[in-house]
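Novice: return a 3D structure for these sequence lines:
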Amino acid sequence: MLRIHYEEIEARSAINRVKGMPFRWSLNPYKGCVHGCHYCYARRYHNFLDLDASQDFQSVIFIKANLPYVLRQELRRTSWVGEEVAIGTATDPYQPIEGRTRLTRRCLEAFADHSNPVSLITKGTLIVRDVDVLSDLAERGGCTVCFSITTLDRELWQQLEPGTPPPDQRLRAMEVLVDSGVRAGVLLSPVIPGLTDDPANLESVVRAAADHGAHFLGTRILYLQPGTREHFLGFLKSEYPDLLAEYRRLYPGSYAPKRFQEAIRSNVRWLKEAHDLPDRPAQPSRVLQQLSLEV
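Specialist: This next block holds a predicted model:
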């Protein structure tokens, strides 16, 4: 078992401009993530800190201790026009350390005080602790919560996402938020070729999302950028060596072929119709507008 090292740092900014993603602004209370998802695209960011994208990413966690203070300063600026901010785009804002630091909660309280819309992506069930401020945000500025789920198969889940809460617990957490007036749904993401892309797995997630009251379901197919690529291929070599040759063919670069991606999206679109899941929420966030187009 990895020994987790936590280090407090000072954030110079809270809200960061993002390029090349389906959102313009992001906020991340932490760097690194103990969830340890082998496919996580954010692994590569630890390379920028002269740390490795494998063990260091999930064992060296940086805590932006002053983030709520910096955020409140930025929200008061006359230049800030209250655009939606995506929370948890690089590391999970509800990984276990949040239970002690409460950074994510304090940031949400700041957004609520300014009626500023947010979207949030998580695998963490600790989010139910903050149902009060999330429902307040939903009424004031707008709040969309996306629960990332790749599979309901417990053995496969434990292999792919060793430090995360079980998928069924995430679904129950989503249902709690939905019942409290928060627009919440599922990101069937990433779909992992050879592991989670079979029709039975996709249908099980779509069906469970519908059964638990999801307002939406979006999907993305695995992509492998430098850092993440090396780690994930190492995971395959250890656990699924028979898939290595196929992955080298399917991923000559960061993305799978468009034809392959469209086949998955077409299947998910059909499953959503079959299980009566809407394409998008009534007031879609910027993130979900893009995901809806991709599905």
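
Novice: which stretches in the stretch 101-250 of the chain count as helices?
Specialist: For the stretch 101-250 of the chain, helices defined by DSSP state H, counting those that start in this stretch occupy the ranges 103-113, 131-140, 154-160, 167-179, 199-211, 228-239, 244-250.

Novice: and for the nearest residue to V34 once chain neighbours are set aside, the neighbour number?
Specialist: Distances taken as CB to CB, 6 or more residues apart in numbering place G163 nearest to V34, at 5.0 Å, with adjacent residues excluded. Placement of C-beta: from N, CA and C, glycine included. Counted with other CB atoms under 10 Å, the neighbours of G163 add up to 17.

Novice: low pLDDT regions in the stretch 151-295 of the chain?
Specialist: The stretch 151-295 of the chain contains residues with pLDDT under 70 at 279-295.

Novice: one more pass at 50, please.
Specialist: 281-282, 284, 289-295 (pLDDT under 50).

Novice: returning to that earlier point: can I get the helices of the stretch 101-250 of the chain in a markdown table including mean neighbour count and distance to Q261?
Specialist: Shown next, in a markdown table, are the helices of the stretch 101-250 of the chain (neighbours: other CB atoms under 10 Å; distance: least, CB to CB, whole Å):
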| stretch | mean neighbour count | distance to Q261 |
| --- | --- | --- |
| helix 103-113 | 22 | 32 |
| helix 131-140 | 19 | 32 |
| helix 154-160 | 15 | 19 |
| helix 167-179 | 19 | 23 |
| helix 199-211 | 17 | 14 |
| helix 228-239 | 17 | 17 |
| helix 244-250 | 13 | 11 |
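
Novice: nearest to V186, of the ones you listed?
Specialist: Closest to V186 of these, according to CB to CB: helix 199-211, at 4.1 Å.

Novice: now the helices of the stretch 101-250 of the chain in a markdown table, with distance to I121?
Specialist: Formatted as a markdown table, the helices of the stretch 101-250 of the chain follow (distance: least, CB to CB, whole Å):
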| stretch | distance to I121 |
| --- | --- |
| helix 103-113 | 12 |
| helix 131-140 | 13 |
| helix 154-160 | 17 |
| helix 167-179 | 12 |
| helix 199-211 | 15 |
| helix 228-239 | 17 |
| helix 244-250 | 25 |
